[in-house]
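[1] Could you look at this predicted model? Sequence included:
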Amino acid sequence: QVQLVESGGGAAQVGESLRLSCTASGSSRRINTMGWFRQAPGKQRELVAGITKDGRTQYIDSVKGRFTISRDNAKNTLYLQMNGLRSDDTAVYYCAASPVFTIAGLEARTDYWGQGTQVTVSS
């Protein structure tokens, strides 16, 4: 099994930055593609950013140029640097991982989830 533990959420003002981290343990060698999903109140969960094991990335349009996803495979850790935060970034953010090799595959099949971390952006 794989366990994902997130950290780094919290409160921020509009325009500020936060950095999320997610560390994988257990059978982490099963993981190829990872990503960050988020779910705002009353909305569906959406994949914000994904990254393959060889470093290919993908973002939803609303965070392009503001968020950066990265990973340290040696440390089994995933990051999400969030700059220029907006109020509509407020959500619970979930780390996700899968044995699949593509980000599209991660959306279709997410085998492992973190517990979620709240990000609240206020003006």
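    Cool, got the structure.

[2] any weak-confidence spans in this protein?
    Residues of the chain meeting the criterion pLDDT under 70: none.

[3] Closest to the centroid, which residue in it?
    Centroid check for the chain by C-alpha atoms, centre = their mean gives residue 36 as the closest residue, at 1.9 Å.

[4] Check which helix or strand that residue maps to.
    strand 33-39 (DSSP states H and E).

[5] Also residue 78?
    strand 77-82.

[6] do the same with residue 120
    Per DSSP H and E: strand 117-122 holds residue 120.

[7] Could you check the angle that strand makes with strand 77-82?
    10 degrees (axes from the mean of the first three to the mean of the last three C-alpha atoms, to 10 degrees).

[8] What lies in contact with strand 117-122?
    Here strand 117-122 makes contact (C-beta atoms under 8 Å, 6 or more residues apart in numbering) with 6-14, 16, 18, 20, 38, 82, 85-94. The way it works is simple: take the backbone N, C-alpha and C, and place the C-beta from them, glycine included.

[9] Among the residues you listed, which are located in strands?
    The strands, defined by DSSP state E, take in 6-7, 10-13, 18, 20, 38, 82, 91-94 from these.

[10] Tell me the most packed of these, by neighbour count.
    residue 82 (26 neighbours; other C-beta atoms under 10 Å).

[11] Now do the contacts for that one.
    Applying C-beta under 8 Å, 6+ apart to residue 82 gives the contacts 17-20, 63, 66-67, 89, 119.

[12] Near the residue lying closest to residue 78 once chain neighbours are set aside, how many other residues are there?
    Leaving out its chain neighbours, the residue that sits closest to residue 78 by C-beta to C-beta, 6 or more residues apart in numbering is residue 22, at 4.3 Å. Residue 22 has 25 neighbouring residues, counting by other C-beta under 10 Å.

[13] tell me which element residue 22 is part of?
    Here residue 22 is assigned to strand 18-26, by DSSP H and E.

[14] Need the CA coordinates for that strand. PDB is fine.
    Extracted as PDB, the C-alpha positions of strand 18-26 are listed here (Å, rounded to 0.1, in the frame of the first residue of the first chain):
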ATOM      1  CA  LEU A  18       1.700  29.000  -0.100                       C
ATOM      2  CA  ARG A  19       3.600  25.800  -0.700                       C
ATOM      3  CA  LEU A  20       2.000  22.400  -0.300                       C
ATOM      4  CA  SER A  21       4.000  19.200   0.200                       C
ATOM      5  CA  CYS A  22       3.100  15.600   0.000                       C
ATOM      6  CA  THR A  23       5.300  12.700   1.100                       C
ATOM      7  CA  ALA A  24       4.700   9.200   0.000                       C
ATOM      8  CA  SER A  25       5.500   6.100   2.000                       C
ATOM      9  CA  GLY A  26       4.900   2.400   1.800                       C
END
